[in-house]
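**Student:** The following block contains a protein sequence and its predicted model.
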Amino acid sequence: MTLGRLIKLVRTHRNKNQNEMAELLGISQNYLSLVESEKKQPSAELISKFAERLEISHDALIFAASDIPAELDADGRKDYKRLQNNILSLLLFEVTGELGKIEEVQS
């Protein structure tokens, strides 16, 4: 699960189109489309705004959207990515009441 996919799932679960969600988040529809397709990574400030407007955990969303620390070895990167996926799945559960499938962790 990626940040973009989570935002898209929240949007569709709330029966909003991209224009409506973009307006709620205070961004353009084009930018939202880029975030949902993982072509743009929002700033920490914008992620905070997303969390506030979507009424989900700020810290969890920031962690889930963060880059994997470069100093981690292969096992550490795998564990970090697994934790991010678990947090995104829990955020999805918080919003939809359904547990999302946790994607395979890539090294």
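**Tutor:** Looks like it came in fine. Numbering: from 1, shown residues only.

**Student:** What distance do you get for the residue located most distally from the centre of the chain to Glu23?
**Tutor:** Within the chain, Asp73 marks the point farthest from the mean C-alpha position, 24.0 Å out by C-alpha atoms, centre = their mean. According to C-beta to C-beta, to the nearest Å, Asp73 stands 43 Å off from Glu23. C-betas here are computed from N, CA, C, even on glycine.

**Student:** so where's this structure uncertain?
**Tutor:** 1, 99-107 (pLDDT under 70).

**Student:** switch the cut-off to 80
**Tutor:** 1-2, 65, 92, 95-107 (pLDDT under 80).

**Student:** and the longest helix for it?
**Tutor:** The residue-count maximum for a helix in the chain (DSSP state H) belongs to helix 74-96.

**Student:** Show me what counts as buried in the one helix or strand Arg53 maps to.
**Tutor:** Per DSSP states H and E: Arg53 is located in helix 44-54. Neighbour counts over helix 44-54 (16 or more other C-beta atoms under 10 Å) mark Leu46, Ile47, Lys49, Phe50, Ala51, Leu54 as buried.
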